[in-house]
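S.K.: Make a model of this:
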Amino acid sequence: MATDSREVHRADETSIRYSISGPEEGPTVVLVHGWACDRTDFDALTGFLPDDYRVLAVDLAEHGESRSAREAWSIEEFARDVAAVLDAEEVTDSVVVGHSLGGAVAVETGRVRPGRVRHIVALDALHYLFLFGAMGEEEARGLLQPLRDDFAGLVRAMVEAGSPPGTDPALKDAHFAKMAAVRQPAGTRAFEGLVAWDMDEALAAVQQPITVFGVRELVTQEAIDRLAGRVDVVRVDLGSHHFPVEAPEGTAALIAGVVRAQAVTGTRAGG
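M.R.: So this is what the prediction gives:
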């Protein structure tokens, strides 16, 4: 599948780079990477999606090839990066797929562009209540202090927390090396933006159906109960928190299943 690299410009010297492949008339899948990662995480996965899909993979501001001089690093602002791509490509109907922090961005994208997003998919996101759930000021301070004291140590701890027993140490090292090299201050500020994000308020505001594919050993019953009635949580066995990279074919099959299902139901937000 031939891939083209394009760019869209926003305010504050923000240029958002993205990859696009597939026919314009095909079902549109938008891929949003996780914290401290970039769109190349989806290179292999894109190759396993059906050839008739139009696939957009986005680098959020100051990640991958995207650049920005802005001061706002909220989840909503990242969603506006994605929305700018949807607008530029005149997308009228899409499934937005986000990994980790990108899952939160996908939810917000559904809120800021409801007419362009039919379904939201979160890849091992939203169910981590310690990070995505609403928290008090003291709790947030405790979560953010390691970020400021030892960024590399926090990245290592996050990789370990997202790795079930038996995960290949070489995989963990590769994920760590990539994430620890994220451009700053965006890496730190993006994490702060995620901690400040009000998931419950966002889930109440968006109308699109939301599907979470979570690592079986990392999804708790508490999270399933908390998200019940609003989010469809599906446990999967495809690797660690970074399973879209580790198991691209299996992840592509999950995404294609959602696309097929929403095409059959034919429902839209508010429809």
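
S.K.: Okay, buried residues for the helix or strand containing Leu147 please.
M.R.: Assessed by DSSP states H and E, Leu147 sits inside helix 137-149. By 16 or more other CB atoms under 10 Å, the buried positions in helix 137-149 come out as Leu143, Leu144, Leu147. C-betas here are computed from N, CA, C, even on glycine.

S.K.: what does stretch 84-100 give?
M.R.: Under 16+ other CB under 10 Å, the buried positions of stretch 84-100 are 84-86, 88-89, 91, 94-100.

S.K.: Nearest to Val58 among those?
M.R.: Val85 (5.4 Å; CB to CB).

S.K.: re earlier: contacts for the helix holding Leu147, please.
M.R.: Phe130, Leu131, Met135, Gly153, Leu154, Ala157, Thr188, Phe191, Glu192, Val195, Ala196 (CB atoms under 8 Å, 6 or more residues apart in numbering).

S.K.: gap between the helix or strand bottoming out on mean pLDDT in the chain and the chain center?
M.R.: Of all helical and strand segments in the chain, the minimum by mean pLDDT, DSSP states H and E falls on helix 137-149, at a mean of 85. Distance of helix 137-149 from its chain centroid, counting by CA atoms, centre = their mean, to the nearest Å, is 22 Å.

S.K.: which ones among the buried residues of stretch 84-100 are found in strands?
M.R.: Within the buried residues of stretch 84-100, residues falling in strands by DSSP state E are Ser94, Val95, Val96, Val97, Gly98, His99.

S.K.: you'd agree Val82 is in a strand?
M.R.: No. According to DSSP: H, G, I helix; E, B strand; the rest coil, Val82 belongs to no strand; its state is helix.

S.K.: Val96 is in contact with that one, correct?
M.R.: Yes. Val82 lies in contact with Val96 (CB atoms under 8 Å); the separation is 7.0 Å.

S.K.: Dihedrals phi and psi, Val58?
M.R.: Dihedral pair for Val58: phi -110, psi 140, per degrees, to the nearest 10.
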